[in-house]
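Participant: need coordinates for the following:
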Amino acid sequence: MSPSFHFKHWRAAKGADSVQVQGTNDSSIVSKRSMARLGYFHDPYLQPFVAKPSRRSPLINRGYYIRAIAIEQTLLKFLEHYPEGQIISLGAGFDTSFFRLVEKQARFRTFFEVDFIEVTRRKAAHILNDPLLWNKVSPIRDEIVQQDGQLRGPNYRLLGCDLQDTKRLHALLTEAGADTTMPTLLLSECVLTYVPFAKANELIGWAARSFPTSVFVCYEQMHPEDAFGIFMKAHFRRIGSPLQAIDHLPTASAHSERFTRLGWQHVAVPDMGDYYHHVLDEAERARVRALEPFDEHPEWRQKCAHYVMVSAACGPAATMIDELNAIIKAAHGAETDAPERLTHMHVAPCPDTSLTRWGHASAMLGDTIFTFGGFGGVTHTRRNDLLRMHVTPCAPTTPTAYPDPAAHALRCDAVAAAGKEPPARIFSTLTAVANGLVLFGGRVGPAQPFNDVHFFTEADGWQHKACHGISPSPRWRHAACHLGGTRMLVHGGCSDTLHCDDATTYLLDTETFTWTTLECVGTVPPPRHSHTISVAEGVVFLYGGLDALERPCPGLWRGEVQGNTITWTECSLRVPLPWRFSHRAVVVNADPTAVSPGPRLLLAGGCGRGVLRLAEQFILLDLNTYAWSFLGPATTMDTTLLGNQLLINHDMVTDGSRAFIVFGGGNCFSFGSKFNDGIVTIAIPGCPIPTPAPTLPLSQAPAAAAA
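Facilitator: Now for the predicted structure:
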């Protein structure tokens, strides 16, 4: 280490963009403090940096937790391999890793933190004003060398520098005692994404050339192409901190190729879902689940799939990268390979965006779609209104041409129904039976679930039904379907303890409003939530979901109801279906051109492994042969609107020839609530679209949409 240490003033960029980028530090530190206060992550050193703590949502708490634990575990793993190594945190902001490592008595040579001089001035003031912090830098405060936002302790350096100037950065680090011959970990936690792409590449390449035994850890966003990614990009652009790298690096493999191209010999690119579900052990995940009620499962998967933690290594440090790659490879297994069919899809925007929502329940009576409840509206609240919708179909005029998209419109109004409306709720089910619509379950908050039954007919409006028999316990995220006649089935879901430990199937007869608990025999599907059950020719098909440990439930199951018994069998597929949850499923008509025509199951949206391509969001399964294919949009289509639909917390109904995806969306981490534009209409391959379709006189139908 250099015997003398000279501080210099480095000019940081003064543009508006750099000020906004520095502001992202202030926002993230409040979120980190929130999750630490609830016990997600031990970090008492955040407190001095946050004058007014604020409790964030469970989704945001988890998101910052996985970021913190992944980075800390990587730092500790590096120091296990290289106890005399040095750490350089690039764009450190108010990060507290140094203080936690000192508390853990971790061995390291020197910890360097680099950021804009304006940020380091503020951080230096916080450190020097709080004994909790300065005591970790040096037990004797007066021995801490300080000058204009830069600090020096025995093994700590706080340095002000613009990361775009690698020559100055190198000189400043050298003056501060950095040794290029020593094992080095460089950390960039949501930093390079705000640096112009060419300058960020220059920094990564400089690091590979300067430190022959090193690890570079880079936490950044990816996947700008889907609905979540589009919404995420718009958020950062709106706050004045546009993401500079994401369009250049849309996937994990692109991140890997970048580091390889710039001189790094070994690279691992787990997304945060990989890290949470496969690197952390079950004991740690169980501890996290117990901290606070959590019910944002699809949003959590979406967030994790859009963040990657690149770990790249040069020289002997490659060992720890190879270990991480082995874990991820073993967890993923083989990729699912299936053919892809093309069909016509169209988005019919809702004429009144205040009606859009997610977490609602939908059903189809005749040619009309009814939707109840959900979360949305002008004030973004839980709803208890009933919507009535009609879609005017848009059949292709030729195999490659479409009529004016305006002819394919959604007409929607709120139904002024008689009777008392059910209480507002999300994640209920609305099932069409022979004599009306049945609303069951749902919740207000996780501690306020429902098991009430409400019945709707256009003639009589809403009726709250007091049912006979033993009702299912209060639940949400359950599955329901019409068994035939006046009977419906209910299966699974979450309870008020946030468990899904009920594998029972329940039958409700709406002629007498009597519940029957079916005896389950055979190979009974394990308990789950966020799954689907559907009926084709009297046979029940169950697919997908999550179990109580938040693990996906693979496989397809069929159940046959005889009297008060349901016999379950796990279906044998030549090519296993990929796992999904928070999807929707409907039974559609057979393809008359097929060798063995039979009913088909259309699966739409939901969460799978990583980010699903547009075609991967739709699966068409033949229920006779169990052959299936992905279903993509026709190549002649403009998929801009379709690609902007976040297909979680949606619902889907069908008339047999077409499927209609109703609304949907969710909380996009800390970026806000995303609401889909309207209705997605999917033409089922092999099924003629009825034209013209009958229409209903809706009181608020726009004139342009009239039949």
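Participant: low pLDDT regions in the stretch 501-650 of the chain?
Facilitator: Applying pLDDT under 70 to the stretch 501-650 of the chain flags no residue at all.
Participant: would you map the helices across it?
Facilitator: Under the criterion DSSP state H, counting those that start in this stretch, the stretch 501-650 of the chain contains helices at 640-643.
Participant: check the burial of Arg261 by counting its neighbours.
Facilitator: By other Cβ atoms under 10 Å, the residues close to Arg261 number 11. C-betas here are computed from N, CA, C, even on glycine.
Participant: Leu280 too?
Facilitator: Leu280, neighbours per other Cβ under 10 Å, totals 16.
Participant: check which helix or strand covers the spatially closest residue to it that is not a sequence neighbour.
Facilitator: Closest residue to Leu280 apart from its sequence neighbours, by Cβ to Cβ, 6 or more residues apart in numbering: Ile69 at 7.1 Å. In this structure, Ile69 is located in helix 58-81 according to DSSP states H and E.
Participant: surely the residue nearest to Leu280 and Val279 touch.
Facilitator: No - if you go by Cβ atoms under 8 Å, Ile69 and Val279 don't touch, sitting 9.2 Å apart.
Participant: thinking again about what came up before, which other helices and strands contact whichever helix or strand comes after the helix holding Ile69?
Facilitator: Scanning forward in sequence from helix 58-81 by DSSP H and E, the next helix or strand is strand 86-90. If you count contacts as 3 or more Cβ pairs under 8 Å, 6 or more residues apart in numbering; DSSP states H and E, strand 86-90 packs onto helix 97-103, strand 111-115, strand 184-189.
Participant: mean neighbour count and distance to Leu623 added to the ones you listed, as a markdown table?
Facilitator: A markdown table is the format used below for the helices and strands packed on strand 86-90 (neighbours: other Cβ atoms under 10 Å; distance: least, Cβ to Cβ, whole Å):
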| stretch | mean neighbour count | distance to Leu623 |
| --- | --- | --- |
| helix 97-103 | 21 | 54 |
| strand 111-115 | 26 | 58 |
| strand 184-189 | 25 | 48 |
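Participant: quick one, which of these gets closest to Glu225.
Facilitator: strand 184-189 (23.2 Å; Cβ to Cβ).
Participant: what residues sit buried inside the helix holding Ile69?
Facilitator: 58-72, 74-75, 77-79 (16 or more other Cβ atoms under 10 Å).
Participant: now swap in stretch 566-578 and tell me
Facilitator: 566-568, 571, 577-578.
Participant: ok, Asp502 touching Arg475?
Facilitator: Yes - if you go by Cβ under 8 Å, Asp502 and Arg475 touch, sitting 7.5 Å apart.
Participant: so what sits against both of these two?
Facilitator: 492-493, 495 (Cβ atoms under 8 Å, 6 or more residues apart in numbering).
Participant: which of the residues you listed are buried, as a PyMOL select command?
Facilitator: Burial among these is assessed by 16+ other Cβ under 10 Å; the matching PyMOL selection reads:
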select buried, resi 492+493+495
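Participant: nearest to Asn135, of the shared contacts of Asp502 and Arg475?
Facilitator: Of the shared contacts of Asp502 and Arg475, the one sitting nearest to Asn135 (Cβ to Cβ) turns out to be Ser495, at 47.3 Å.
Participant: give me the mean pLDDT for stretch 450-466.
Facilitator: For stretch 450-466, mean pLDDT is 96.
Participant: list the buried residues in it.
Facilitator: Going by neighbour count (16+ other Cβ under 10 Å), the buried part of stretch 450-466 is 450-456, 461-462.
Participant: now the terminal residues of it, how far apart.
Facilitator: 13 Å (Cα to Cα, to the nearest Å).
Participant: show me what that stretch is in contact with.
Facilitator: Contacting residues not belonging to stretch 450-466 are listed as 365, 370, 386, 417-423, 425, 428, 435-443, 467, 471-476, 508, 510, 513 [Cβ under 8 Å, 6+ apart].
Participant: if any of those are buried, give me the ChimeraX selection for them.
Facilitator: Buried residues within the contacts of stretch 450-466, by 16+ other Cβ under 10 Å, are selected in ChimeraX with:
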select :365,370,386,417,421,422,425,428,436,437,438,439,440,441,442,443,467,471,472,473,474,475,476,508,510,513
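Participant: wait, Gln628 touches Val575, no?
Facilitator: No, residue 628 isn't Gln; it's Trp. Yes - if you go by Cβ under 8 Å, Trp628 and Val575 touch, sitting 7.1 Å apart.
Participant: which residues are in contact with each of these two?
Facilitator: Joint contacts of Trp628 and Val575 (Cβ under 8 Å, 6+ apart) are Ala338.
Participant: point out where this protein drops to low pLDDT.
Facilitator: Within the chain, the segments meeting pLDDT under 70 span 1-25, 333-336, 392-409, 498, 688-707.
Participant: next, name the residue at the spatial heart of it.
Facilitator: Taking Cα atoms, centre = their mean as the criterion, Gln302 is the residue nearest the geometric centre of the chain, at 1.6 Å.
Participant: my guess is Arg285 contacts Glu550. True?
Facilitator: Yes - if you go by Cβ under 8 Å, Arg285 and Glu550 touch, sitting 7.4 Å apart.
Participant: okay, those two: which has more neighbours?
Facilitator: Glu550 (19 against 15).
Participant: with His464 as the reference, measure out to the more buried one.
Facilitator: Distance, Glu550 to His464, by Cβ to Cβ, to the nearest Å: 34 Å.
Participant: Val114 too?
Facilitator: 63 Å.
Participant: need the contact list for the closest residue to Leu603 other than its chain neighbours.
Facilitator: Counting by Cβ to Cβ, 6+ apart, Leu603 lies nearest to Ile619, which is 4.2 Å off, once chain neighbours are set aside. Listed by Cβ under 8 Å, 6+ apart, the contact set of Ile619 reads 577-578, 580, 602-603, 628-631.
Participant: possible to save those as JSON lines with distance to Thr174?
Facilitator: Shown next, in JSON lines, are those (distance: Cβ to Cβ, whole Å):
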{"residue": "Leu577", "distance to Thr174": "57"}
{"residue": "Pro578", "distance to Thr174": "51"}
{"residue": "Arg580", "distance to Thr174": "53"}
{"residue": "Leu602", "distance to Thr174": "62"}
{"residue": "Leu603", "distance to Thr174": "58"}
{"residue": "Trp628", "distance to Thr174": "60"}
{"residue": "Ser629", "distance to Thr174": "59"}
{"residue": "Phe630", "distance to Thr174": "54"}
{"residue": "Leu631", "distance to Thr174": "58"}
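Participant: most neighbours out of the residues you listed, which is it?
Facilitator: Arg580 (28 neighbours).
Participant: touching, that one and Gly608? I think so.
Facilitator: Yes - between Arg580 and Gly608 there is a contact under Cβ under 8 Å: 5.3 Å.
Participant: distance of the nearest residue to Thr593 once chain neighbours are set aside from Ser362?
Facilitator: Of all residues not flanking Thr593 in the chain, Gly686 sits nearest, at 5.6 Å (Cβ to Cβ, 6+ apart). Between Gly686 and Ser362 the computed distance is 24 Å (Cβ to Cβ).
Participant: what's the answer for Leu623, then?
Facilitator: Distance, Leu623 to Ser362, by Cβ to Cβ: 22 Å.
Participant: go on, Leu549?
Facilitator: Distance from Leu549 to Ser362, by Cβ to Cβ: 30 Å.
Participant: higher neighbour count, Gly686 and Ser362?
Facilitator: Ser362 (26 against 18).
Participant: so the more buried one makes contact with Met652?
Facilitator: Yes - contact criterion Cβ under 8 Å: Ser362 and Met652 qualify, at 7.5 Å.
Participant: ok, which of the helices and strands packed on strand 86-90 comes nearest Asp677?
Facilitator: Among these, the nearest to Asp677 by Cβ to Cβ is strand 184-189 (34.4 Å).
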